[in-house]
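Kindly generate the corresponding structure for this input.
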Amino acid sequence: MSKRSGGCEAGLVAIGDDARATAERVRETERSRRAKLSSLDRAADAYIVHRGDGRTIIAGYPWFTDWGRDTFIAMRGIVLAGDRLDVARAILTDWADHVSEGMLPNRFPDQGEAPQYNAVDASLWFVVVAYEYLATAKPPASLRNKLVGAAKEILEGYRRGTRYRIHMDVDGLLACGEPGVQLTWMDAKVGEHVVTPRVGKPVEVQALWINALRLAGFKPRADEAAASFRARFWNDAAQCLYDVVDVDHAAGRVDASVRPNQIFAVGGLPHAILDGERARAVVDKVEAELVTPAGLRSLARSDRAYRPRYEGGVAQRDGAYHQGTVWPWLIGPYADAARSVRLPTDGLLDGLIASPAPQVLVRHARRLPGRRATNSRNNSGLKE
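Here you go, the predicted model:
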């Protein structure tokens, strides 16, 4: 017995030594890899995680899992711009397996429950990013066919019609939404109250839809939708774009709220929908009413629904989430739009770089467990 016991102990020691050596090699390899990265790349790298055998991007620390919309938006900067094509391939391959009725999930719950298919834009962002990846990488034919097949399945599902009244309307534009459901990135909900329902034809969804159609080779449909967009979304009185047309699926009813979503018709996507004087007017409107040193306001201060601060209890915070709170991620599409109409962008990111937000975050993290604090700021441009 003692002999077997002694042998077992010796074996455990050997295994332990081997495990420690392996762990040290892994650590050293990771240290070497990270040493070659810039501080920005190292920070971004923390959002790339494993899910099962695949890779994904989490929406934020400390409690968010991977959200479809957030993953594909972030991929363009964190992965594609960094030439991390192996990571892009892993992420896109994994998500392509989850197309259902023409939709991709907006969220994979933490505890293994069924994925949640409740976003109109997540699937369209996938199409955009998939084609941007294919334009950069040289994947094998099998992977190309898989991604193209998933993209076309999404677009065909949207054309036919799918969950939540998502469908291509007679004007070629994409309609979506039902009462009590929030389908766009402005997705705050307080109890049963959807703060920004945006039922109908939201402006950035059309920009994504038209881009996705064009990238996938459906040029006639894209041209038809683009012509309808230019005819129906222009708000001549305000010299900008409506945020939603055919509100609540009522033909001709519009939402004239001045929001940053319109910037995607000019910049931030592979194909601009507007050009010339109207494109410049949209950029001017956004610059005048929404741009701050730390990002874009989610609603103009002149709007009666505007909320100047993100604070208070859950209901108060969620009520302000897209009603004035500043979102840094939108500065990228704005910069792209500004360049497209030949406006200077020098110093545009200075506010983000020099912001005292870390102190604000530390102070508020102790008393306000907010939502996605890494993405939202109050109207002064400071994170809350």
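
Just confirm Pro179 is within a strand.
No - using DSSP: H, G, I helix; E, B strand; the rest coil, the assignment for Pro179 is coil, not a strand.

Enumerate every residue touching it.
197, 199 (C-beta atoms under 8 Å, 6 or more residues apart in numbering). Where C-beta positions appear, they are placed from N, C-alpha and C, glycine not excepted.

before we move on, what about Thr345?
Residues near Thr345 by C-beta under 8 Å, 6+ apart: 335, 338-339.

quick one, helices of the stretch 251-384 of the chain?
The residue ranges that make up the helices of the stretch 251-384 of the chain, judged by DSSP state H, counting those that start in this stretch, are 276-289, 314-320, 331-340, 350-354, 357-365.

What residues of the shortest one count as buried?
Pointing back at helix 350-354 there. Along helix 350-354, the positions that meet the burial threshold by neighbour count (16 or more other C-beta atoms under 10 Å) are 351-352.

tell me the mean pLDDT for that helix?
Averaged across helix 350-354, pLDDT comes to 79.

what's that helix in contact with?
The contact list for helix 350-354 (C-beta under 8 Å, 6+ apart) reads 292-295, 328, 331, 381.

Can you tell me which of those residues comes closest to Lys36?
Each of the contacts of helix 350-354 was checked against Lys36 using C-beta to C-beta; the closest is Pro328, at 26.1 Å.

what's around the nearest residue to that closest one once chain neighbours are set aside, how many residues?
Of all residues not flanking Pro328 in the chain, Gly295 sits nearest, at 3.7 Å (C-beta to C-beta, 6 or more residues apart in numbering). Taking other C-beta atoms under 10 Å as the criterion, the count of residues near Gly295 is 26.

likewise Gly347?
Other residues near Gly347 come to 9 when the count uses other C-beta under 10 Å.

Check Asn235 too.
18.

Over to Gly324?
Should you count by other C-beta under 10 Å, Gly324 turns out to have 21 residues around it.

Quick check: pLDDT value at it.
The predicted local confidence for Gly324 comes out at a pLDDT of 97.

quick one: contacts for Gly68?
95, 104-107, 119, 122-123, 125-126.

go on, Ala337?
Contact analysis of Ala337 by C-beta under 8 Å, 6+ apart lists 263, 266-268, 272, 279, 282-283, 286.

Go again with 6 Å.
263, 266-267, 283 (C-beta atoms under 6 Å, 6 or more residues apart in numbering).

taking those one by one, which sit in strands?
Secondary structure assignment by DSSP state E places none of the contacts of Ala337 in strands.

Neighbour count and pLDDT for those residues - can I get that in CSV?
Listed next are those as CSV, based on neighbours: other C-beta atoms under 10 Å; pLDDT from 0 to 100:
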residue, neighbour count, pLDDT
Ile263, 32, 98
Val266, 27, 98
Gly267, 23, 97
Val283, 25, 98
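
Just the buried residues out of the contacts of helix 350-354, in PyMOL syntax.
In PyMOL syntax, the buried subset of these is picked out as below (16+ other C-beta under 10 Å):
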select buried, resi 292+293+294+295+328+331+381
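
In strands only, show me the contacts of helix 350-354.
Checked against DSSP E, the contacts of helix 350-354 include these in strands: 292, 295.
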